[in-house]
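Participant: Provided below for reference: sequence and predicted model.
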Amino acid sequence: MMPPWLGRSAAALPARWRAVRSRTPGADVKYPVVGAVSAAVVLLGALLTRPLTGALPPATAARWAWSAEAVSSGQWWRIFTAIPLTRDPFMLASMMASLVVAVGALELLAGHQRAAVIAGAGAVMGYLGVTAALLVLRAAGLPAAERWAATLDYGASAGVAACAGAISGLLGNPWASTALACVIVGGVILHHQVADWEHAVAFIGAHLVIRPPTADP
């Protein structure tokens, strides 16, 4: 059963959304252009690498995907080339939908420019943050760190997580923050994948940096 204070927070969410939006550039946004463009970039990546009709070739992933090991060996550009990659039609569709929803929602709440910066920076920081953590763990001698550091990963999902974290920070609404955080924490607990930690880094970073435009009324 939902605690009373959390229930009151959920009931207040629509009014809080309108109040925050009225104080940001999001008030002038009619269409989520950045969300649509973000999805289009992923679609273009799929057209160039074949997941639109099949699966991402292993050789393509090996050449362009991110891994902490590759980045530490000087291939820093993989942080950027990994972002538009998808594995198959299902991942492509889910990634495009996630970008439209998460980036578009932030766009409506905070404006085109802020949404673009947070989505892009979040995707990059997810990879960077996990790279740094894995290299530290490997240097400390953790046996599994070597395998984790060699794991290939790709996709823009850390950017989606960053947008969720920014929305949480902007709204300052306990119910919204709890619901969004549960999605991130649930992924870490259930999947134990490197990507889930990228999501956590991006979400927490954006949530801590982005604050409400004014104090709660």
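Facilitator: All right, it came through fine.
Participant: would you say Trp197 is within a strand?
Facilitator: No. Using DSSP: H, G, I helix; E, B strand; the rest coil, the assignment for Trp197 is helix, not a strand.
Participant: what sits against the residue nearest to it when sequence neighbours are not counted?
Facilitator: When the adjacent residues along the chain are set aside, Trp197 lies closest to Val130, with 5.2 Å between them (Cβ to Cβ, 6 or more residues apart in numbering). Every C-beta, even on glycine, is put in place using the N, C-alpha and C of the backbone. For Val130, the contact set (Cβ atoms under 8 Å, 6 or more residues apart in numbering) comprises Ala68, Val194, Trp197, Glu198, Val201.
Participant: quick one: the helices in this protein?
Facilitator: Under the criterion DSSP state H, the chain contains helices at 4-22, 33-49, 58-64, 68-72, 78-81, 89-110, 112-139, 143-150, 157-171, 174-191, 194-209.
Participant: may I see the buried residues of the helix or strand of the chain with the lowest mean pLDDT?
Facilitator: Within the chain, no helix or strand scores below helix 174-191, which has a mean of 85 by mean pLDDT, DSSP states H and E. Across helix 174-191, burial judged by 16 or more other Cβ atoms under 10 Å covers Pro174, Trp175, Ala176, Ser177, Leu180, Ala181, Ile184, Gly187.
Participant: among the contacts of Val130, who's most crowded?
Facilitator: Compared across the contacts of Val130, Glu198 has the highest neighbour count, 27 neighbours, by other Cβ atoms under 10 Å.
Participant: count the neighbours of the residue lying closest to that one once chain neighbours are set aside for me.
Facilitator: Excluding the flanking residues, the one nearest Glu198 by Cβ to Cβ, 6+ apart is Gly126, at 3.5 Å. Gly126: 31 surrounding residues under other Cβ under 10 Å.
Participant: next one: Phe90
Facilitator: 10.
Participant: now do the contacts for it.
Facilitator: Per Cβ under 8 Å, 6+ apart, neighbours of Phe90: none.
Participant: got the confidence number for it?
Facilitator: pLDDT, Phe90: 93.
Participant: go on, the one 3 residues further on?
Facilitator: Per-residue confidence (pLDDT) for Ala93: 95.
Participant: also Met1?
Facilitator: Met1 carries a pLDDT value of 60.
Participant: and what of Ala82?
Facilitator: At Ala82, the model reports a pLDDT of 97.
Participant: quick check: it touching Tyr154?
Facilitator: Yes. Ala82 is within contact range of Tyr154, at 4.0 Å (criterion: Cβ atoms under 8 Å).
Participant: circling back to that earlier point, packing partners for the least confident helix or strand of the chain?
Facilitator: Here helix 174-191 touches helix 4-22, helix 157-171, helix 194-209, going by 3 or more Cβ pairs under 8 Å, 6 or more residues apart in numbering; DSSP states H and E.
Participant: same for the second one, what does it pack against?
Facilitator: In other words, helix 157-171. By 3+ Cβ pairs under 8 Å, 6+ apart, helix 157-171 packs against helix 4-22, helix 89-110, helix 112-139, helix 174-191, helix 194-209.
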